[in-house]
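Enquirer: Build me a model from this:
(2 chains)
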Amino acid sequence: DAKTTQPPSMDCAEGRAANLPCNHSTISGNEYVYWYRQIHSQGPQYIIHGLKNNETNEMASLIITEDRKSSTLILPHATLRDTAVYYCIVRVWGTSYGKLTFGQGTILTVHP
Amino acid sequence: NAGVTQTPKFQVLKTGQSMTLQCAQDMNHEYMSWYRQDPGMGLRLIHYSVGAGITDQGEVPNGYNVSRSTTEDFPLRLLSAAPSQTSVYFCASSYDAGVTEAFFGQGTRLTVV
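Expert: Numbering: from 1, shown residues only, chains lettered A, B, ... in the order given. I've put the predicted structure just below:
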């Protein structure tokens, strides 16, 4: 699975959009981009995933560049409860089950 | 629908003791796995299972055993606890090995003294 690079930490004001970048320059054509988050040592929580098209759900939006070498997770209106570690993971569909490779992630702190 | 349930939430063991961390899911998921998380680090895969009766090793399997006799349960056994196994343990399940999301339990915080 391709390696990802994320900034170690980011800040965001409450109510503003939080844009979390992820670099995955070695991604292959059959690898998906997943985002999970972990709030204060709870179990990780799935947020969103995508292959090449932009995706949106009730939690967030995922923007993937045309060359697929990077992506951005967008939390449109961050709240204090969004303070967490956000993990960007690249994984091939249907293989390597169980091998969600978690890196260091980005610590997002949402300020009042 | 409880999702993924882990017990106990906290445990203190003495070096050399054995114990079993329990994990149960009620979503009829075929795929289950165990991770450990050490301070300041991401999660590392210990063992996983693709269905009842089938298990395989992950990244850090030494010192741990698993079995999968039912779809619902995937216990993790520490054979002889060591201080290096002090960690937070997470169990996860998902419907398949594909694109679907993984659901995680709330974790078991284990201290070995």
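
Enquirer: So is stretch A:26-34 next to chain B?
Expert: Yes. Stretch A:26-34 comes into contact with chain B (C-beta under 8 Å from any C-beta of the partner chain), by way of A:Tyr32. No exception for glycine: its C-beta is placed from N, CA and C like everyone else's.

Enquirer: neighbouring contacts of that stretch?
Expert: Where contact means C-beta atoms under 8 Å, 6 or more residues apart in numbering or on different chains, the residues beyond stretch A:26-34 that reach it are A:1-3, A:22, A:24, A:46, A:48-51, A:62, A:64, A:68-69, A:71, A:88-93, A:100, B:99.

Enquirer: So what sits opposite B:Arg109 in the bridge?
Expert: When assigned by DSSP bridges, B:Arg109 has beta-bridge partners B:Phe10, B:Val88.

Enquirer: I meant to write A:Gly50 there.
Expert: A:Val33.

Enquirer: ok, it - how many residues close by?
Expert: Other residues lying near A:Gly50 total 19 when counted by other C-beta atoms under 10 Å in any protein chain shown.

Enquirer: so who does it touch?
Expert: A:Tyr32, A:Val33, A:Leu62, A:Ile64, A:Ser71.

Enquirer: Out of these, give me the one that has the most neighbours.
Expert: A:Val33 (25 neighbours).

Enquirer: any idea of the pLDDT on that one?
Expert: As predicted, A:Val33 sits at a pLDDT of 92.
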